[in-house]
Each structure stands twice: as structure tokens, then as C-alpha cells.
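Student: Could you look at this predicted model? Sequence included:
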Amino acid sequence: MPDRRCIVAVAAHAADMEFAAGATLLKHALGGWEAHIIQLTLGEKGHPRLSTEEYGAQKRREAEAACEVLRVRPHFLPYADGELAATDEVAREIAVLFRRLQPEAIIAHWRGSIHGDHLAAHHLARRAFFMATNPHFDLGVDLPRARWARTYCADNWEDAEGFEPYSYVDISQQVADWKRAFDSFAIGRGEGGYPYWDWYEARTRLHGIRIGVRHAQAFAVEEREKLQIRTEL
Ligand SMILES: [Zn+2]
């Protein structure tokens, strides 16, 4: 097992994880972890006038700039925005990255989403983790199986149905750089019409109040992640 620590976020679209988990990823990177985002699509169909080719290229440049600020390495997979499907073909590509990167923490989309790509991304992260950790899945690469990882689901504005914060990360010291990462994206600067920064900044302020700090990012977990084994209560 590698002695380095690694955290990997699995995003349906470039910008999803920079926005919903970027400050947390940066905090880990500053603490000596490797931080990665697997971008399943670029979100290239999200512009009212630019072609998918033009906007895809723009989103890629924006994500690269944001990830540089966040000290995150992005991995771009070649799937189409709006057409992401939870197939084993896609899951295998993510599973290979899990075996290569050996994350001990994974950040996924929450399953209660209004966006089909986000739903698919949630299931793909889980399926890929199962494939990566099971040594009997031949993924066509000479890599050891992935180690066990804790999975957290990010607080994304489109994934709000049934989202219950469970784990909180104090990101008060990372807010300024997180804002710079937002500003790398046209949509993060508000140019798409949706007030992304306002929503995310407000959410982290509310989560921060909940735990007594200035700003926090919050994550939901599946029931199985809530198991606690203690010698004393
Ligand atoms: Zn998205």
C-alpha cells in the first residue's frame, strides 16, 4: 500500500466538484495529500450560444485553471454532457484510476439529484469502487486492487433531495482561494445567470455556523458509512 494519502472526487461535469468540494480538496492538498478530480464530462452543453466544441474547450481550460488554484490534478474522461450513463464501460475507466491512485477518501455526487448525469455519476463512483477493490475484476491493467476508501457525497445545488450533512470540514482558511477557483469559470463569475458563488458561499457559511466556524463544506454519507465501533460510549 502506498504511504502517500490521496483523495479523489468524481464529477459529472467540470466545475461540479471545484464548486462543491474544491475548498476541501485544497485543504487536503495543503495537508500533504494528493487531490484529484475525475471529470466525467466537460459540461459542454451548458452554454446558450457557444457550440459544444467551443464551450467544451473553454470548460476544460477553466477547470485546469481552477484545479491549479486548488492544487488538484484533473483527469478528463471523454463522455458527453447530458448523455452520461451508469454503464460498466465508464465504471471500469474510473476503477482503473482508483487502482492507480489508491484513494482513501472518495467524494461523489449525492444520489438525490435533479440532473441525470449527476445520478449516473453517483452510481458510477460506487460501481467503480466495487470493481476497483474486488481483485477478481480484471480491469486489463497490472495494478493492485484499490484499498478501502471512505465515500462522501458533496453538497451540490442540483443534488439537494434528501441531502443531509453528516461530515463537516472547516474551510475558513481556504475560502479566498476557493473563490479564485470559482472565478476561473465564467459560470462561477455569474455569467451564466445562476448565482453559483452566492449559493455555495451561503451554504458553507450555514454549515460553518452549525459547527462553530466561519465556513465549512458539508458532506452526506450513505447509512453504511455511519457505522461506529467504539470501546467506550
Ligand atoms: Zn453538474
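Tutor: Noted; the coordinates are in hand. Residues are numbered from 1 along each chain as shown.
Student: So which bits of this structure are right by the ion?
Tutor: Contact residues (Cβ under 5 Å from the ion) of the chain with the ion: 12-13, 16. C-beta coordinates here come from the backbone N, C-alpha and C atoms, glycine included.
Student: Going along the chain, name the helices of this structure.
Tutor: Using DSSP state H, the helices assigned to the chain run over residues 16-30, 52-70, 88-101, 116-133, 175-183, 196-211.
Student: Regarding stretch 147-156, how distant is the last residue from the first?
Tutor: Distance between the two ends of stretch 147-156: 27 Å, counting by Cα to Cα, to the nearest Å.
Student: In it, which residues are buried?
Tutor: Within stretch 147-156, the residues that count as buried by 16 or more other Cβ atoms under 10 Å are 149, 151-156.
Student: now stretch 184-195
Tutor: Counting neighbours by 16+ other Cβ under 10 Å, stretch 184-195 gives 184-188 as buried.
Student: Then stretch 68-79?
Tutor: In terms of neighbour count (16+ other Cβ under 10 Å), stretch 68-79 has its buried residues at 69-77, 79.
Student: Quickly list what whichever residue of the chain sits closest to the ion is bridged to.
Tutor: The nearest approach of the chain to the ion comes at His13, 3.6 Å away (Cβ to the ion). Beta-bridge pairing of His13, defined through DSSP bridges, involves Thr41.
Student: is it true that it touches Glu83?
Tutor: No. Using Cβ atoms under 8 Å, His13 makes no contact with Glu83, being 11.9 Å away.
Student: Which of the two has more residues huddled nearby?
Tutor: Between His13 and Glu83, counting by other Cβ atoms under 10 Å, His13 is the more crowded of the two (27 against 11).
Student: which residues does the more buried one contact?
Tutor: His13 sits next to 39-43, 46, 59, 81, 117 when contact means Cβ atoms under 8 Å, 6 or more residues apart in numbering.
Student: Equivalent analysis for His122, please.
Tutor: Applying Cβ under 8 Å, 6+ apart, the residues near His122 are 108-111, 113, 153.
Student: May I ask which two of the residues you listed are separated the most?
Tutor: Greatest spacing in the contacts of His122, by Cβ to Cβ: Ala108 and Ser113 (11.0 Å).
Student: Tell me which residues touch Gln211, please.
Tutor: That one is not Gln; residue 211 is Ile. Residues near Ile211 by Cβ under 8 Å, 6+ apart: 168, 170.
Student: From Gly31, how far out is it?
Tutor: For Ile211, the distance to Gly31 (Cβ to Cβ, to the nearest Å) stands at 18 Å.
Student: Over to Ile107?
Tutor: Using Cβ to Cβ, we find Ile107 at a distance of 15 Å from Gly31.
Student: More neighbours: which of the two?
Tutor: Neighbour comparison, Ile107 and Gly31: the larger count goes to Ile107, with 26 against 10 (by other Cβ under 10 Å).
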